[in-house]
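>>> Here is a sequence with its predicted model. Questions after.
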Amino acid sequence: MNLNFEEELSRNPVIKEVNILRNQIDDIRPLSPDVEKRILDKLCLDWNYHSNAIEGNRLNYNETLTFLNTGVTVKGKPFQDHLDLRGHDDALHYLITLVKSGEPISEIDINVLHKMVLAESGNTRLVKQNELFALNRVLLTDLDQTVAEALAGDSFHYSNNNDSSLKMQGLMDWYYQTSEHHSLHPLVIASLFHQKLIAINAFDETSGKMARMIMNFILMHHNYPPVIIKMEDRQTYYALTTNVGEEQDKKFVDYVAEAMINSLNLYLDNPAETEIDDVDKELALFVRDLRSKSLTKLKATGFEISNTVVQVIIPLMEHVLTKTALIEDFFDSTDKKVNMVYLKTARKPYDVEIKDIHFTNLMAEKMIKPVLRPENKMMRMEFNIHFRKFKTEERKFDVRSTLFIKFDDYEYSLSNYNNELEITKAYSERLSDEDINAINKTLIRDIKKYIQDRIG
């Protein structure tokens, strides 16, 4: 493989400036773990904000900080923007665990990161071989290669299908070979990987986010900090990534080197004082602590209820279905429907609309997006599983199981048809493992009792 161009870029004067700063930082190391953490926190927040803002996310910097620290959605801002931020932040946390492993990034890793970026519920979920892999932020550090491969999927498809797949294989071959040449600077490899991935356009509208993410992985893998492509530089950034060619690549390497200098200077410019805006961080952490206390009940907005539906109720429904799947074989068919009642406008408290849809359509988001608009305040939901025609020669009968979810001003509650089960939570609370087990156990017992009463 001819790497003359890469070697030429590695001798660029601005690369030498990066090396000088890196050496200066190495001279003052080791920095305290607290300082290292504060700098990385600052870079990660900037990375989350700017990378999403470049793609049109409408949360400002302080709103991004508050949402990521507290989970509090911002009134008047699109709910989808919150989901995009959460998915990107999850992917970023997983990327950091990949860096800590010390291994170069793989195509499987890239596909896992992409699915996390796309995850609209803040969790990445996959059903494979009848097993549910629930990968939430708490468990990301425990993600092993087996689960990663399952999450990436055997049938992952890039945009443009075979053409992009072949080009991605070629890009990964180039990456592995260049990584073995110590004469090539990591910043050059990272920058060119970014340009090549943009040119392939393997991830459609998220190709930019993915290119910036993998570029930063390569830098961090070589003990450099991530670079931040800033929102205010968006036009310059677009101009450098639109046209393909060596001249553009040279300019882009210079551009990334300048961004690296900014990141490195965080370590040299009073690093002990490097901190996310003190007042905003203090307020965000204070709100998070308040919301973690069971006595603190905040009146729910449409956003709060929507967030609970996406992050709590839908994953719960999926979990219930994995348990009841074993019963389906004893019936001719099974219907899974969600009945939703919500206010069409907060200004008309009796202007109610009722939707009755199949769960698969809900998961495909054919219905959930209109309901999640802030003016459409959810009042209650019913999750119905209808088992049709028990397979027996003596007698055909149906079985129904229903979970009721009610959304009040300050809390949400779940119950079964006879109220043997009743769980109430503030919107700041999520269901515990014990809660989920109790819900599953109650619904399964209801189904079991009904069947036993019919067959004796």
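Looks like it came in fine.
>>> Quick check: buried residues in stretch 76-86?
Buried residues in stretch 76-86, counted by 16 or more other CB atoms under 10 Å: 77-79, 81-86. C-beta: built from backbone N, CA, C; applies to glycine.
>>> next one: stretch 209-229
For stretch 209-229, burial by neighbour count (16+ other CB under 10 Å) applies to 209-221, 224-229.
>>> And the most centrally placed residue in the chain, which helix or strand is it part of?
For the chain, Gly87 is the residue whose C-alpha lies nearest the centre (CA atoms, centre = their mean; 1.8 Å). Using DSSP states H and E, Gly87 sits in helix 79-101.
>>> Give me the neighbour count for Asp335.
Close neighbours of Asp335, defined as other CB atoms under 10 Å, add up to 13.
>>> mind checking how far the nearest residue to Ile228 once chain neighbours are set aside is from Val309?
Spatial nearest neighbour of Ile228, excluding adjacent residues (CB to CB, 6 or more residues apart in numbering): Asp46 at 4.7 Å. Distance from Asp46 to Val309, counting by CB to CB, to the nearest Å: 31 Å.
>>> For this structure, name the helix or strand with the lowest mean pLDDT.
Least confident element among the helices and strands of the chain, by mean pLDDT, DSSP states H and E: strand 131-135 (a mean of 30).
>>> before we move on, back to that, show me what the helix holding Gly87 is packed against.
Helices and strands touching helix 79-101, by 3 or more CB pairs under 8 Å, 6 or more residues apart in numbering; DSSP states H and E, are helix 33-54, helix 61-70, helix 107-118, helix 207-221, helix 302-308.
>>> Ala257: which of the ones you listed is closest?
Taking CB to CB, helix 207-221 is the member of these nearest to Ala257, at 11.0 Å.
>>> So what's the model's average confidence on that closest one?
Per-residue pLDDT over helix 207-221 has a mean of 97.
>>> again with stretch 329-338
The pLDDT scores in stretch 329-338 average 88.
>>> helix or strand for Glu7, which one?
Per DSSP H and E: helix 4-10 holds Glu7.
>>> For that helix, buried residues please.
So helix 4-10, judged by 16+ other CB under 10 Å, has buried residues 6, 9-10.
>>> Is it possible to get JSON lines of those that adds pLDDT and distance to Thr64?
Formatted as JSON lines, the buried residues of helix 4-10 follow (pLDDT from 0 to 100; distance: CB to CB, whole Å):
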{"residue": "Glu6", "pLDDT": "96", "distance to Thr64": "35"}
{"residue": "Leu9", "pLDDT": "96", "distance to Thr64": "33"}
{"residue": "Ser10", "pLDDT": "96", "distance to Thr64": "35"}
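>>> Going by distance to Thr73, which of those wins?
Of all the buried residues of helix 4-10, Leu9 has the smallest distance to Thr73: 43.5 Å, by CB to CB.
>>> quick one: the strands in the stretch 201-350 of the chain?
Taking DSSP state E, counting those that start in this stretch as the test, the strands found in the stretch 201-350 of the chain are 331-343.
>>> which residues does Arg430 contact?
By CB atoms under 8 Å, 6 or more residues apart in numbering, the residues touching Arg430 are 311-312.
>>> just checking, Val188 touches Glu8?
No. Judged on CB atoms under 8 Å, Val188 makes no contact with Glu8 at a distance of 9.2 Å.
>>> since we're on Val112, how many residues are nearby?
26.
>>> wait, isn't it in contact with Asp90?
No. Checked against CB under 8 Å, the pair Val112 and Asp90 is beyond contact range at 10.6 Å.
>>> Tell me how this protein divides into domains.
According to automatic domain parsing, the chain comprises the domains 4-279, 302-455.
>>> Low-confidence ranges, the stretch 251-400 of the chain, go.
270-299, 303, 342-377, 393 (pLDDT under 70).
>>> Just the helices from it, written as ranges.
278-292, 302-308, 314-328, 359-363, 368-371 (DSSP state H, counting those that start in this stretch).
>>> circling back to that earlier point, alpha carbons only: can I get the helix holding Gly87 in CSV?
Included here for helix 79-101 are C-alpha records, laid out as CSV according to Å, rounded to 0.1, in the frame of the first residue of the first chain:
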residue,chain,number,x,y,z
PHE,A,79,-38.6,15.5,22.1
GLN,A,80,-36.7,13.9,19.3
ASP,A,81,-33.8,16.3,20.0
HIS,A,82,-33.6,14.9,23.5
LEU,A,83,-33.6,11.3,22.2
ASP,A,84,-30.8,12.1,19.7
LEU,A,85,-28.7,13.6,22.5
ARG,A,86,-29.3,10.6,24.8
GLY,A,87,-28.4,8.1,22.0
HIS,A,88,-25.2,10.1,21.2
ASP,A,89,-24.2,10.3,24.8
ASP,A,90,-24.7,6.5,25.3
ALA,A,91,-22.5,5.9,22.2
LEU,A,92,-19.9,8.3,23.6
HIS,A,93,-19.8,6.4,26.9
TYR,A,94,-19.4,3.1,25.1
LEU,A,95,-16.6,4.6,22.9
ILE,A,96,-14.7,5.5,26.1
THR,A,97,-14.9,1.9,27.3
LEU,A,98,-13.6,0.8,23.9
VAL,A,99,-10.6,3.2,24.2
LYS,A,100,-9.9,1.7,27.7
SER,A,101,-9.7,-1.8,26.2
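>>> pLDDT of that helix, averaged?
For helix 79-101, mean pLDDT rounds to 90.
>>> buried ones in stretch 412-427?
For stretch 412-427, the neighbour count (16+ other CB under 10 Å) marks 412, 414-416, 421, 423, 425-427 as buried.
>>> Now those residues in a markdown table, please, with extra columns for distance to Leu192, secondary structure and pLDDT.
What follows is the buried residues of stretch 412-427, written out as a markdown table (distance: CB to CB, whole Å; DSSP: H, G, I helix; E, B strand; the rest coil; pLDDT from 0 to 100):
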| residue | distance to Leu192 | secondary structure | pLDDT |
| --- | --- | --- | --- |
| Tyr412 | 50 | strand | 92 |
| Leu414 | 52 | strand | 95 |
| Ser415 | 58 | strand | 93 |
| Asn416 | 58 | coil | 90 |
| Leu421 | 57 | coil | 88 |
| Ile423 | 53 | strand | 94 |
| Lys425 | 50 | strand | 90 |
| Ala426 | 50 | strand | 85 |
| Tyr427 | 47 | coil | 81 |
